[in-house]
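Novice: Take this sequence and fold it.
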Amino acid sequence: MLFGYKPSKVEVDSVMSSVRPRNSGLLFEKFLNLMSAKKAAQLYNETRQIFTAFDVQDRGFLTFEDFKKAFNSVSPKLSERIIVEAFREVDQDSDGCISFKEFESEMKYGQDEVSPVYFA
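Specialist: The predicted structure follows:
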């Protein structure tokens, strides 16, 4: 595992083939950019999978009922008031539905304030 991401052999070979032969390695900045891009793609895919699991009727958005069922499955003792408050916060345009964009935005909250690379 490398900075929270486990690259495949193909990915490592691809990165290393982009290194000039006379260099003994990869510029640290380029390495950070590559790993940040991989981590961002991984986060997007995970967020999409979670959203899809909550969107059981495959409508492309979450209703309050979808949201409530998801919350109740992971934390059954949460009060309805807390779930309503969370729904209102995620539903940024107040249309009564949570789009993937709104869901992704909330899942990323605080991510930009942290260094894109971390040690696992």
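
Novice: Looks like residue 104 contacts residue 44 (just checking).
Specialist: Yes - contact criterion CB atoms under 8 Å: residue 104 and residue 44 qualify, at 7.4 Å. From N, CA and C alone the C-beta is placed, and that goes for glycine too.

Novice: So for these two, which residues contact both of them?
Specialist: Residues touching both residue 104 and residue 44 (CB atoms under 8 Å, 6 or more residues apart in numbering): none.

Novice: Tell me which of those two has more neighbours.
Specialist: Higher neighbour count among residue 104 and residue 44: residue 104, with 16 against 13, using other CB atoms under 10 Å.

Novice: Let me know the helix or strand that that one is in.
Specialist: helix 100-108 (DSSP states H and E).

Novice: quick check: longest helix of the chain.
Specialist: helix 28-54 (DSSP state H).

Novice: same for the helix or strand that it is followed by, what does it pack against?
Specialist: Using DSSP H and E, the helix or strand that follows helix 28-54 in sequence is strand 61-62. Counting contacts by 3 or more CB pairs under 8 Å, 6 or more residues apart in numbering; DSSP states H and E, strand 61-62 packs against strand 98-99.

Novice: Adjacent strands (with direction) for the strand it packs on?
Specialist: Paired strands of strand 98-99, with direction, are strand 61-62 (antiparallel) (DSSP bridges).

Novice: that older thread, could you give the angle of the longest helix of the chain to helix 100-108?
Specialist: 120 degrees (axes from the mean of the first three to the mean of the last three CA atoms, to 10 degrees).

Novice: So which bits of helix 28-54 are buried?
Specialist: By neighbour count on 16 or more other CB atoms under 10 Å, the buried set for helix 28-54 is 34-35, 38-39, 47, 51, 54.
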